[in-house]
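# below are the sequence and a predicted model; questions follow.
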Amino acid sequence: MMRKLVFHLWLVLATAIAAGCSAESKVPGSWAGSTGTIVLKKDHKGTISPPAGSKLPSDVPLVWKMQGDDLVQLDIGAPVGQTYVGRLIDDRTFSLEGGKFVKQK
């Protein structure tokens with residue numbers, strides 16, 4: 001009985017550790033690049049803004065979701081109204097449409 005309990009506790013702990021290390025947990029945050037800023041929140045919503053001084057609209061709403069281990073789909077709302085897929089290169093680097101974004105602290 002005790003052996004079974006220890007096994008189940010170990011299984012729960014291993015599952016929690018694996019879930020915390022998922023690529024999805026690395027996505028939320030503020031990402032800055034030469035083409036603007038992307039803010040991705042834990043609730044899978046966010047905004048995208050062009051660089052400062054641009055005449056393009058800022059804080060355009062978006063919804064994001066994972067596609068596999070390292071691909072992030074961004075469904076960008078009006079006035080852009082397009083979907084893009086970026087790649088999470090590592091914990092601090094995100095690539096989108098040839099642009100490189102670095103996670104801000």
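Received the coordinates, thanks.

# lowest average confidence, helix or strand, in this protein?
helix 2-20 (a mean of 44; mean pLDDT, DSSP states H and E).

# next SSE after that helix?
strand 29-33 (DSSP states H and E).

# how far off centre is that following strand?
Offset of strand 29-33 from its chain centre (Cα atoms, centre = their mean, to the nearest Å): 10 Å.

# what's in contact with the next helix or strand after it?
For strand 29-33, the following helix or strand on the C-terminal side (DSSP H and E) is strand 36-40. Outside of strand 36-40, the residues within contact range by Cβ atoms under 8 Å, 6 or more residues apart in numbering are 27-31, 46-51, 54, 62, 64, 72, 74, 94, 96, 101. Using the backbone N, CA and C atoms, a C-beta is placed for each residue, glycine as well.

# inside strands: which ones of the residues you listed?
Within those, residues falling in strands by DSSP state E are 29-31, 46-49, 62, 64, 72, 74, 94, 96, 101.

# the contacts of strand 36-40, buried ones only, as a ChimeraX selection?
Entered in ChimeraX, the line below selects the buried ones among the contacts of strand 36-40, by 16 or more other Cβ atoms under 10 Å:
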select :27,28,29,30,31,46,47,48,49,62,64,72,74,94,96,101
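
# remind me which residues of the chain are low pLDDT?
1-21 (pLDDT under 70).

# who's in contact with the residue sitting nearest the centre point of it?
Nearest to the mean C-alpha position of the chain, by Cα atoms, centre = their mean, lies residue 27 at 2.6 Å. With contact set as Cβ under 8 Å, 6+ apart, residue 27 has these partners: 40, 64, 66, 72, 88.

# and which of these is nearest residue 58?
residue 40 (15.8 Å; Cβ to Cβ).
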